[in-house]
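Visitor: coordinates only, sequence not included:
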Ligand SMILES: NC(=O)C1=CN([C@@H]2O[C@H](COP(=O)(O)OP(=O)(O)OC[C@H]3O[C@@H](n4cnc5c(N)ncnc54)[C@H](OP(=O)(O)O)[C@@H]3O)[C@@H](O)[C@H]2O)C=CC1
Ligand SMILES: N[C@@H](CC(=O)OP(=O)(O)O)C(=O)O
């Protein structure tokens, strides 16, 4: 199956921005990503592509060399102090995993959650941490970077306090995405939106909805080349996007249905196993569900184009991890298939897997282990191009985003 590794984008990338910020903060340059698993090695290669300056700026360290997984280089005096809000949750745990697998440098880590979890002990990189109550006074004292993933309400309630104490908040929720004062960033797409973010100067950086991220990582390079006039997206969203409890429900329902029992419906209002249904987000006045309108609004903000025509149909499919999307684009300028392929080959975070001869294209199961990939599955008509994407959901795609965002100061 032909695969093409992503190559660095030509515009100023996240690493450069982050490097500048870290330098401005008086911190030393960062080191290479290291981990012990094959999957992490894949991510390491991708990270190397995205962080050439960081890799090059660390004298005396082997580039890309494998070290034993027990030897962590992430805990560094010159790294930022990091807080994770929602540390006990599925995404919070994923933050920790990615910080570790990407060797993200940190001076200290503070794990924050609700009072329900306060006092709970969690181990990370061979150290024990006590989960602290987010609502306790001084929760953000001395914090440089706060990664929020505890829901929109928690972000709205506590992100301002984190900012006031000087932290850069990277928010995984939808709370601030459409706030004109808050950059909405996909590092591989619009890192320039957070050029003004500086460590030590409180600010919020918002992370888009995962379906938007997946779509725009492939659509934006084409948009920049030929200008998208109209985008039609259909999603096939996995259980992981709805959290750990939803994944458990899919597993349980599958067992129940196979055993001839009635499926347990706690997270979703209808049977999920062996079924598909419209995304469970609330339906809005215009008849779209909220997930679909996020795609519309967030794309317009990220592209800074309020006129681009977008429609989305978001569907939940009984797949454990990895969302898929069908994207149809109409361009202002002609774009042939070979050109589109070349553009996408050069796009960061995009891998082309397009084995038409044997009718074998990426599946969610195969995609787990890659940051993002897509499949061109239709020939290009004049001004028209369709492709199909499989990508991970919050795990680890959003974490990649978050890690890279934080690099901008840090995600
Ligand atoms: N960008 C994207 O596409 C995605 C974004 N998300 C965001 O991440 C959020 C979390 O998802 P997930 O990890 O799956 O959810 P979980 O339910 O697994 O975890 C929720 C976390 O938030 C904490 N929390 C909840 N309420 C409070 C509170 N009042 N104060 C402090 N901490 C609180 C919980 O702490 P405790 O253990 O104490 O209850 C827990 O750590 C989502 O709500 C969504 O906003 C998620 C997926 C994708
Ligand atoms: N996109 C997630 C839902 C979610 O968490 O979205 P957001 O980050 O916009 O709240 C899903 O698959 O259901």
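Guide: Happy to help now that I have it. None of these values were measured; they are calculated from a predicted model. Ligands and ions are numbered 1, 2, ... in the order given.
Visitor: From now on I want contacts and neighbour counts done on CA atoms only, so please keep to that.
Guide: Noted.
Visitor: what's the distance between the residue in the stretch 1-150 of the chain that ligand 2 sits nearest to and residue 87?
Guide: Here the residue of the stretch 1-150 of the chain nearest ligand 2 is residue 149; by CA to the nearest ligand atom that distance is 9.0 Å. According to CA to CA, to the nearest Å, residue 149 and residue 87 sit 8 Å apart.
Visitor: How about the residues of the stretch 201-350 of the chain by ligand 1?
Guide: Contact residues (CA under 6 Å from any ligand atom) of the stretch 201-350 of the chain with ligand 1: 207, 208, 209, 210, 241, 243, 244.
Visitor: any idea how far the first one is from residue 102?
Guide: Counting by CA to CA, the gap from residue 207 to residue 102 is 19 Å.
Visitor: For ligand 1, give me its nearest residue in the stretch 151-300 of the chain.
Guide: Residue nearest to ligand 1 within the stretch 151-300 of the chain: residue 151 (3.2 Å; CA to the nearest ligand atom).
Visitor: what's near enough to touch that residue?
Guide: 172, 173 (CA atoms under 8 Å, 6 or more residues apart in numbering).
Visitor: just checking, what packs against the longest helix anywhere in the chain?
Guide: Longest helix of the chain, by residue count under DSSP state H: helix 210-226. On a contact count with 3 or more CA pairs under 8 Å, 6 or more residues apart in numbering; DSSP states H and E, helix 210-226 meets helix 290-303, strand 323-331, helix 337-345, strand 384-391.
Visitor: Where does the prediction get shaky in the protein?
Guide: Low-confidence segments of the chain (pLDDT under 70): 1-74, 361-362, 367-411.
Visitor: could you pull out the helices for it?
Guide: 14-24, 38-50, 52-56, 90-101, 152-164, 210-226, 244-258, 290-303, 337-345, 364-367, 399-407.
Visitor: Between residue 149 and residue 87, which is the more surrounded one?
Guide: residue 87 (26 against 23; other CA atoms under 10 Å).
Visitor: Could you give the number of residues near residue 342?
Guide: 12.
Visitor: now swap in residue 297 and tell me
Guide: For residue 297, using other CA under 10 Å, the count is 16.
Visitor: In this structure residue 347 contacts residue 221, no?
Guide: Yes. The pair residue 347 / residue 221 is scored as a contact, 6.5 Å apart, by CA atoms under 8 Å.
Visitor: quick one: which of these two has more around it?
Guide: More crowded of residue 347 and residue 221, by other CA under 10 Å: residue 347, with 24 against 21.
Visitor: So that one versus ligand 2, what's the distance?
Guide: Relative to ligand 2, residue 347 is positioned 23 Å away (CA to the nearest ligand atom, to the nearest Å).
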